[in-house]
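Chemist: Kindly generate the corresponding structure for this input.
(one chain, ligands or ions: 1)
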Amino acid sequence: MEQHATRVGEHSRGLRREIRCPLGRSRGRGRVRRGQGRVRTQARTQARSRGLRGVALVVAAAALALGLAPAEAVPAALSTASGLSGAATGPGSRADAASIPTGACALGGPERGGTYEGLPTPAGFARSQGTVKALTLFIDFPDAPAWSNSPSDRFAEFFPAATRYFDRSSYGKLAYRPTPHLRWIRMARPFAGYRIRRGTGFDPGSRFGYGALSREIVNAVDASVDFAAYDVINVLASPDAGPEATDDVLSVTFSGGMGTPLETGDGVRFGNVSFIWSRQTGPSPFRVLNHETAHSFGLPDLYLGREDATRAPTGHWDLMDEGWGPSNDFLGWHKWKMGWLDAGQVDCAGLPGGSDHTLTPTGRDGGTKIVVVPTSPSSALVVEARENGELDQAVCRPGVLVYRVDTRTDSGDGPVRVADATPGSQGCYLHDVNVDADLSDATHQVGDTYQDARSGIGVAVTEQRADGDWRVRVTRP
Ligand SMILES: [Zn+2]
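Modeler: Residues are numbered from 1 along each chain as shown. Sure, this is the predicted structure:
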C-alpha cells in the first residue's frame, strides 16, 4: 500500500484525510502489483481481462506531516474533525437521527473521522437515504479535450444506471439525483501538469494534485452553482484524460468529517467529492461511481491495500471489494449502515442460547436481511442470504453467507471477512478474472454449519423454504 503524505496547512492540523481509491482488480487468477496499477494474470485469463484493482490509500496527512503514526493521531483527529465539520452544510450533511441504526448489534468502534464499519456513520459524510443530490461536473484538459464527447455522453455512461443501482440496492430508500452541469470545464494545464497519480492528495495550497484541480473547478462554476444545495459532488473527467482504467485506476473520493479544506463561495466545503477517470471495462462500468459515492456515505474499502495482498477478504460479495466485472450488490451490513434496512429487517442474536431466523435473500424486497451475532463491542458475525439477481449477477451458489465485521479494522486492512464454506475449492465462478473465484462458492447450504472457533458461535443452515427464504439456527455459548 502506498501512502502519499501531502503537505497540509496549519488549519488542518490533526485531520485524518482519506483518499479512497477506486476498485476493480483481477483476483482469483489475477494478481495486482499494488501501487503501480499493474495486473499480472496467468495465461488463461491474461488476454481477456486486464482489470485491476485499486489500492486503499488512507492518508493520515496531518499525522504523517507531523511524523506520527496514524494511530497516534486519533485523539487529535477526533477533536478537530468534530469542530470543523459542525459549520458545514450541503456536501457533508448527514441523515436524520431517526434513521440511524441502534441497538446492541449496532456496533460502535473507535470513530476516527474516516470511513469505517461502525454505526452510526460519523458526522460529515453525506446522507445515504432519502433524496441525495449529486452535483455532477465535467472537466477536460488542453491535451485531452473532449472533442467528440459531449458532457451528456459522459453523463450517460453513468446515469440513469447508477441511480437505478442505488434505487434497487436500497429497496427504494435512496433516490440519487444527479444534476449535471452540462459544460466541459477546461483545466488550465495539460493533464500531466497536475501530477495526478494514484494516491495523490488534496492540498488546497498546492500547485499540483486535487487541490489545484479543485480550485480551478470551483472558480469556474462558483458563480453559477449553489454548492450548498448538494449532498455529494461528482467530477467526471474526459475519458481521454490520464491513463486507461485498465492500466491505472485513478478514481478517488475525498469524503468524511472535514470534507476537503477547500471552501466554496457558498460557505460549504468542496467535500464528499468523487473524481471519476477513464472508463472501466465489463458489463456495468458505471459502478465505479456507486463505489466512490459509497465512500461519501461512509463505507470503507474492503479489499486489502497492502502491496503483497493476493486474496480478497470479501470478494464479489460487496462492491467495496470488487467493482469490476458482473454486477454485485452490497453486503447487508452495509445496507444497514446506510440506512436501507428497517429495524425489523435486522435480527440481533446477542444472548446465549439458540435462536432461529428466516432470511430473505438480499436481492428481494422485504423480509429479514441480516442476523447480527455480536462477538465483542466492535465485532460481529453477520449472516445473510444471497442469490443471483439483477444486482448480483455473479452468484453461482445461492446460499447463506457468513462474515465477520470488525469496526476496529481500518479501511484497506480487511474490516469485513467472508467465511468460506468451501475453503478447499477453486470456486464456481471461474470465467471472469474480475470475480474472486475462491470466494464465489463461499455460501453455506442446507445442512452446513459454520462454527466460529474464537467465539464458539455456530450458524447452521436448516432449510431453504419453497418461497426462497433460508432458515438458519444460531447458537452461542
Ligand atoms: Zn474505494
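
Chemist: Look at residue 155 and tell me its secondary structure.
Modeler: Under DSSP: H, G, I helix; E, B strand; the rest coil, residue 155 falls in the helix class.

Chemist: how far away is the residue of the chain positioned farthest from its centre from the ion?
Modeler: Most distant from the centre of the chain: residue 353, at 34.8 Å, with distances by Cα atoms, centre = their mean. Counting by Cβ to the ion, to the nearest Å, the separation of residue 353 from the ion is 39 Å. No exception for glycine: its C-beta is placed from N, CA and C like everyone else's.

Chemist: burial of the closest residue to the ion within the stretch 201-350 of the chain, as a residue count?
Modeler: Proximity of the stretch 201-350 of the chain to the ion (Cβ to the ion) peaks at residue 301, 4.2 Å away. Number of residues near residue 301 (other Cβ atoms under 10 Å) recorded here: 28.

Chemist: Isn't it up against residue 412?
Modeler: Yes: the pair residue 301 and residue 412 passes the contact test of Cβ atoms under 8 Å, sitting 5.1 Å apart.

Chemist: How far off centre is the strand or helix carrying residue 253?
Modeler: Per DSSP states H and E: residue 253 is located in strand 252-254. A distance of 10 Å separates the centroid of the chain from that of strand 252-254, by Cα atoms, centre = their mean, to the nearest Å.

Chemist: Then stretch 348-367?
Modeler: With Cα atoms, centre = their mean, you get 25 Å for stretch 348-367.

Chemist: Stretch 119-128 too?
Modeler: For stretch 119-128, the distance to the chain centre is 13 Å (Cα atoms, centre = their mean).

Chemist: for the ion, what are the nearby residues on the stretch 301-450 of the chain?
Modeler: By Cβ under 5 Å from the ion, the part of the stretch 301-450 of the chain that sits against the ion consists of residue 301.

Chemist: what about the stretch 301-450 of the chain, any weak spots by pLDDT?
Modeler: Within the stretch 301-450 of the chain, no stretch has pLDDT under 70.

Chemist: can you give me the strands for it?
Modeler: Listed in chain order, the strands of the stretch 301-450 of the chain (DSSP state E, counting those that start in this stretch) span 346-348, 353-359, 370-376, 379-386, 399-406, 416-419, 449-451.

Chemist: and the ones you listed, which is most packed in?
Modeler: Mean neighbour count, computed with mean count of other Cβ atoms under 10 Å, is highest for strand 379-386 among the strands of the stretch 301-450 of the chain, reaching a mean of 26.

Chemist: now that one and strand 370-376, what's the angle there?
Modeler: Angle, strand 379-386 to strand 370-376, by axes from the mean of the first three to the mean of the last three Cα atoms, to 10 degrees: 160 degrees.

Chemist: partner strands of strand 379-386, parallel or antiparallel?
Modeler: strand 370-376 (antiparallel), strand 399-406 (antiparallel) (DSSP bridges).

Chemist: Redo these as TSV? Include distance to residue 232.
Modeler: Below are those laid out as TSV (distance: least, Cβ to Cβ, whole Å):
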stretch	distance to residue 232
strand 370-376	26
strand 399-406	24
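
Chemist: between these, which one is nearest to residue 195?
Modeler: Set against residue 195 and scored by Cβ to Cβ, the strands paired with strand 379-386 come closest in strand 399-406, at 35.5 Å.

Chemist: burial measure for the nearest residue to residue 300 once chain neighbours are set aside, as a count.
Modeler: Excluding its sequence neighbours, the residue lying closest to residue 300 (Cβ to Cβ, 6 or more residues apart in numbering) is residue 411, at 3.1 Å. By other Cβ under 10 Å, the residues close to residue 411 number 24.

Chemist: is it true that residue 411 touches residue 115?
Modeler: Yes: between residue 411 and residue 115 there is a contact under Cβ under 8 Å: 5.1 Å.

Chemist: anything in the strand holding residue 253 near the ion?
Modeler: No: Strand 252-254 stays clear of the ion (Cβ under 5 Å from the ion), getting no nearer than 6.8 Å.

Chemist: So which elements touch that strand?
Modeler: Packing partners of strand 252-254 (3 or more Cβ pairs under 8 Å, 6 or more residues apart in numbering; DSSP states H and E): strand 273-276, helix 287-296.

Chemist: Direction included, what does the first one pair up with?
Modeler: I take that to be strand 273-276. When DSSP bridges is applied, strand 273-276 pairs with strand 232-237 (parallel), strand 252-254 (antiparallel).

Chemist: what's in contact with it?
Modeler: Defining contact as Cβ atoms under 8 Å, 6 or more residues apart in numbering, one finds that strand 273-276 is touched by 91, 158, 210, 213-214, 232-237, 250-255, 259-260, 288-289, 292-293, 295-296.

Chemist: Tell me which residue is most central in this protein.
Modeler: residue 320 (4.1 Å).

Chemist: For that residue, list the residues it contacts.
Modeler: 23, 291, 294, 299, 300, 301, 302, 303, 314, 330, 334.

Chemist: Let's verify residue 159: helix, strand, or coil?
Modeler: Applying three-state DSSP: residue 159 is coil.

Chemist: Pretty sure it sits against residue 167.
Modeler: No: assessed by Cβ under 8 Å, residue 159 is found out of contact with residue 167, at 11.8 Å.

Chemist: quick one, which of those two is more surrounded?
Modeler: Higher neighbour count among residue 159 and residue 167: residue 159, with 19 against 15, using other Cβ under 10 Å.

Chemist: Quick check: bridge partners of the closest residue to that one other than its chain neighbours?
Modeler: Excluding the flanking residues, the one nearest residue 159 by Cβ to Cβ, 6+ apart is residue 178, at 5.3 Å. Counting by DSSP bridges, residue 178 is bridged to residue 134.

Chemist: Report the separation between residue 178 and residue 323.
Modeler: Remark: distance between residue 178 and residue 323 (Cβ to Cβ, to the nearest Å) = 18 Å.

Chemist: How about residue 298, nearest residue that isn't a chain neighbour?
Modeler: Nearest in space to residue 298, with sequence neighbours left out and distances taken as Cβ to Cβ, 6+ apart, is residue 121 at 3.4 Å.

Chemist: Please apply the same query to residue 325.
Modeler: Residue 325's closest residue in space is residue 434 (Cβ to Cβ, 6+ apart), at 3.0 Å.

Chemist: Can you get me a residue count around that neighbour?
Modeler: Using other Cβ under 10 Å, residue 434 has 29 other residues around it.

Chemist: was I right about it contacting residue 322?
Modeler: Yes: the pair residue 434 / residue 322 is scored as a contact, 6.5 Å apart, by Cβ under 8 Å.

Chemist: show me the contacts for the residue nearest to residue 159.
Modeler: Contacts of residue 178 by Cβ under 8 Å, 6+ apart are 134, 136, 155, 158, 159, 162, 163, 234.

Chemist: Pipe the residues you listed into TSV and attach distance to the ion and pLDDT per row.
Modeler: Shown next, in TSV, are the contacts of residue 178 (distance: Cβ to the ion, whole Å; pLDDT from 0 to 100):
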residue	distance to the ion	pLDDT
134	17	98
136	19	98
155	22	97
158	16	98
159	20	98
162	15	98
163	20	98
234	14	98
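
Chemist: Out of those residues, which end up buried?
Modeler: 134, 136, 155, 158, 159, 162, 163, 234 (16 or more other Cβ atoms under 10 Å).

Chemist: can you redo those residues as JSON lines with distance to residue 340?
Modeler: Output for those, formatted as JSON lines (distance: Cβ to Cβ, whole Å):
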{"residue": "134", "distance to residue 340": "17"}
{"residue": "136", "distance to residue 340": "22"}
{"residue": "155", "distance to residue 340": "25"}
{"residue": "158", "distance to residue 340": "20"}
{"residue": "159", "distance to residue 340": "20"}
{"residue": "162", "distance to residue 340": "16"}
{"residue": "163", "distance to residue 340": "15"}
{"residue": "234", "distance to residue 340": "21"}
